[in-house]
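Novice: this is the structure alone, sequence omitted:
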């Protein structure tokens, strides 16, 4: 089969996505697949072959290789942020009937919005932080926010990943800077109360027809919280398995599986919680988690004694089995 490993994207997360794509390229079984490195960037869509950049035909996601038309059987999608984690590319691939890995276009669009995800999960009794939603141009009353949420609180873009645009606000004088930082990433923002406890990240996927929790990783940040610097520049310690009691670990696993299934997920995901008073509080779900050498999901797969090449085979199998919504 011809497999397109798609990486890049239009957001600031493109650098992380390019690293994730390399890990996938290294682990796909070359005896089973003809593997192509595909970049989707602001500068264009192309297949990278040696020192050449061969343009992708957006009509059918094919490309010309020295007069030979090459079409793909499956897309392995590893774009973080837009357009590969927010439903845009998933919708496009469905329309041209090209199988792709990960969750469907609706789940991608839903979970890319922190606000909408929290709203849906509110129907499933999932504990979470208190929050306020704001859009650019609205009147913002800092004193009212502080009275509602208390200090410190977090300001974050509604649609962004890798902790881009996220700030902790410890006093009112820091609010304007935090708002500017978040609004630079998105016109809608989320302001949340601080949850004081143990931060954890949980890998979840569909494996052999069942929801599989890979592991629970404890995040010990060297900064005030698990920001971009802590995630990617070595300012954190990641401990797998997390230092939780067996009872709390079991509760975390059940909560992660419940969230994954409630949202109708498929594919790799990473669900983040704060465990406060032995209760996991949901923070967010990443439907295209980072797969760079610094990333948590590959660490958890190794902890679960799962071969990453086998996991990619599983993803490709699921992609081929899924029918586009208009064919059901």
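Specialist: Great, that's in hand. Quick caveat, the model's predicted, so the values are computed rather than measured. Residues are numbered from 1 along each chain as shown.

Novice: let me see the ranges of the helices in the stretch 1-150 of the chain.
Specialist: Per DSSP state H, counting those that start in this stretch, the stretch 1-150 of the chain carries helices over the ranges 14-27, 88-95, 105-112, 114-121, 142-149.

Novice: output the contacting helices and strands for the last one.
Specialist: Pointing back at helix 142-149 there. Contact here means 3 or more Cβ pairs under 8 Å, 6 or more residues apart in numbering; DSSP states H and E; on that basis helix 142-149 packs against strand 131-135, strand 188-193. C-beta coordinates here come from the backbone N, C-alpha and C atoms, glycine included.

Novice: tell me the most buried of the ones you listed?
Specialist: strand 188-193 (a mean of 21; mean count of other Cβ atoms under 10 Å).

Novice: neighbouring contacts of that strand?
Specialist: With contact meaning Cβ atoms under 8 Å, 6 or more residues apart in numbering, strand 188-193 is reached by 114-115, 129-136, 145, 149-150, 153-159, 179, 182-183.

Novice: give me the mean pLDDT for it.
Specialist: Mean pLDDT, computed over strand 188-193, is 94.

Novice: with stretch 247-261 instead?
Specialist: Averaged over stretch 247-261, pLDDT sits at 98.

Novice: centre of the chain to it, how far?
Specialist: Put simply, stretch 247-261 sits 18 Å off its chain's centre (Cα atoms, centre = their mean, to the nearest Å).

Novice: buried ones in that stretch?
Specialist: In terms of neighbour count (16 or more other Cβ atoms under 10 Å), stretch 247-261 has its buried residues at 248-249, 251-253, 255-260.

Novice: now do the contacts for residue 216.
Specialist: Applying Cβ under 8 Å, 6+ apart to residue 216 gives the contacts 200-202, 240-242, 244, 249, 252-253, 300.

Novice: mind running it again at 7 Å?
Specialist: Going by Cβ atoms under 7 Å, 6 or more residues apart in numbering, residue 216 touches 200, 202, 241-242, 244, 249, 252.

Novice: check residue 276 too.
Specialist: Residues near residue 276 by Cβ under 7 Å, 6+ apart: 195-197.

Novice: what's opposite the spatially closest residue to residue 195 that is not a sequence neighbour in the beta bridge?
Specialist: With sequence-adjacent residues excluded and distances taken as Cβ to Cβ, 6 or more residues apart in numbering, residue 195 is closest to residue 274, at 3.9 Å. Beta-bridge partners for residue 274, by DSSP bridges, are residue 199, residue 281.

Novice: for residue 274, grab the count of nearby residues.
Specialist: 20 (other Cβ atoms under 10 Å).

Novice: what pLDDT does it get?
Specialist: 96.

Novice: then residue 290?
Specialist: On the pLDDT scale, residue 290 gets 89.

Novice: still on that earlier bit, would you turn the helices and strands packed on helix 142-149 into a markdown table with distance to residue 307?
Specialist: Listed next are the helices and strands packed on helix 142-149 as a markdown table, based on distance: least, Cβ to Cβ, whole Å:
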| stretch | distance to residue 307 |
| --- | --- |
| strand 131-135 | 39 |
| strand 188-193 | 37 |
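
Novice: got the domain ranges for the chain?
Specialist: Following automatic domain parsing, one gets these domains for the chain: 2-101, 110-127+196-314, 131-193.

Novice: could you give the mean pLDDT of the first one?
Specialist: I take that to be domain 2-101. On average, domain 2-101 scores 96.

Novice: residue 319 is in contact with residue 74, isn't it?
Specialist: Yes - counting by Cβ atoms under 7 Å, residue 319 touches residue 74, with 5.1 Å between them.

Novice: longest strand in the chain, please.
Specialist: strand 210-221 (DSSP state E).

Novice: what's the mean pLDDT across that strand?
Specialist: pLDDT averaged over strand 210-221 gives 94.

Novice: listing partners with orientation, what would you give for that strand?
Specialist: strand 198-207 (antiparallel), strand 236-239 (antiparallel).

Novice: which of the ones you listed is buried the deepest?
Specialist: Neighbour counts (mean count of other Cβ under 10 Å) averaged over each of the strands paired with strand 210-221 peak at strand 198-207, with a mean of 24.

Novice: from the chain's centroid, how far away is that strand?
Specialist: 11 Å.

Novice: got a list of contacts for it?
Specialist: In contact with strand 198-207 (Cβ under 7 Å, 6+ apart) are residues 211-219, 226, 242, 252, 256-257, 260, 266-275, 296-297, 300, 314, 318.

Novice: redo that, cut-off 6 Å
Specialist: 212-219, 226, 242, 256, 260, 266, 268-275, 296-297, 300, 314 (Cβ atoms under 6 Å, 6 or more residues apart in numbering).
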